[in-house]
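1. requesting a structural model of the entry that follows:
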Amino acid sequence: MFKYLITIRPLGLMYGSAGAFLSPENLVGRSGAKFPPETATLSGLMFSVNKIKEKVTQSELSNNLCVAGPFWAKYKERQNFYIPIPWHKIIAKKAVDEWQLKDGKWELENKSEKLEPDYRWQTIDSWGTPAKAIRTNDYKSVADNPWKYVSFLHPRIKVTERSVENSDGLFLENSVQMADDTCLVYLSTYPIENGWYRFGGENHVVEIECEDITNKKFLNLLNQPIERTFALITPAIWGSNRFSHRHPQHESFPETLEMLTDKPVPYRYRTKGNLGRGRYAVPAGSVYVLAEPLNKPWWSWDEAWFPKEGYSLKRVGCGLCLPTEIKGVA
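-> Presented below is the predicted three-dimensional model:
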């Protein structure tokens, strides 16, 4: 099970690459669709650091390292970090609502008005709290993204004088700026030494800290068996390395009866210097309703349910999920 909480604080800006997929945002120069950096980025850094520090053998790390994320937190309250809000809960500034199953069909609890969510994240301590109860808490348990996108020009200076090169002297960098009191959060089975590291695209410098997970509620949630309903808190890749599916294709995985989800998100990463095949992931926050209970937590799921690209994508937190309650599901 995950033992360590790894926090990453940018010392300035961070790179916000949109990866290998074109999008309308990319075509006009905006990046950021892939922020925060995926767990594969942290996993690669940990392998590189361990190769120098030699805290454990590379083979042991290769066989046992598992990371999950990305999440974020207020730095002083990082054990109570923010995770995606399940899609069956709609939390807006003016009101809240919830999707429920009635006669096998999705139906809003409040039928008079269809709300659009203003918040995408909730604290781990508020997991399982009804949307109405979150509102009575004055929305202190929910938040929007704590970062903003910043584009700026970099000059390439001539070697012999302090002036920009005549040809290709400027290049555009699409970066992300986080609020000063926030940090990115990842979970890991192995620690990393505290310090400053170059992390992600453009090698921006970040401060990384590692500590034990002490939030007992979160540890209990991780160990709680998932029955018929669950919500993803990280993106999920299902299917082969050529095809993307909305749920695991293995014959031993129960049939998915209903889902609440958003459009798929691009997923691609490098492993051992090679660029993996580009695919699409089911976004975090997606809700599943199964025909039969699983009766086991995510950590105990069969690795055969996860695709492999050199190694099982379960090792990078693919589809990490928590049990959730949905009205109308027995």
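
2. P254 versus P283, what's the distance?
-> To P254, P283 is 21 Å away according to CB to CB, to the nearest Å. Placement of C-beta: from N, CA and C, glycine included.

3. neighbour count winner among those two?
-> Neighbours per residue, other CB atoms under 10 Å: of P283 and P254, the larger number sits with P283, 17 against 14.

4. that one contacts L260, correct?
-> No. With contacts counted by CB atoms under 8 Å, P283 stays clear of L260, the gap being 10.9 Å.

5. next, L45: secondary structure please.
-> Reduced to three states with DSSP: H, G, I helix; E, B strand; the rest coil, the structure at L45 is helix.

6. likewise the one 3 residues further on?
-> Remark: S48 carries the secondary structure label helix [criterion: three-state DSSP].

7. what is the neighbour count of it?
-> Look at S48: counted by other CB under 10 Å, it has 12 neighbours.

8. separation between it and Q100?
-> Relative to Q100, S48 is positioned 47 Å away (CB to CB).

9. same check, this time on P117
-> Note on P117: its distance to Q100, by CB to CB, is 16 Å.

10. one more: P248?
-> When CB to CB is the yardstick, P248 and Q100 sit 25 Å from each other.

11. out of the two, which sits in the busier spot?
-> With other CB under 10 Å as the criterion, P248 and Q100 differ in neighbour count, and P248 comes out ahead with 21 against 15.

12. what's near enough to touch that one?
-> With contacts defined as CB atoms under 8 Å, 6 or more residues apart in numbering, the neighbours of P248 are W238, W305, F306.

13. mind running it again at 10 Å?
-> P248 makes contact with 236, 238-239, 254, 256, 288, 301-302, 304-307, 319 under the criterion CB atoms under 10 Å, 6 or more residues apart in numbering.

14. what do you get for S244?
-> By CB under 10 Å, 6+ apart, the residues touching S244 are A236, I237, W238, P264, Y267, G278, R279, Y280, A281, V282, P307.

15. rerun at 7 Å
-> Contact partners of S244, counting by CB atoms under 7 Å, 6 or more residues apart in numbering, are I237, P264, R279, Y280.

16. and if you look at I134?
-> With CB under 7 Å, 6+ apart as the criterion, the residues that contact I134 are I91, V96, S126, S141, V142.

17. which helix or strand contains it?
-> Using DSSP states H and E, I134 sits in helix 131-136.

18. buried sites along that helix?
-> Residues of helix 131-136 classed as buried: A131, I134, R135 (neighbour count, 16 or more other CB atoms under 10 Å).
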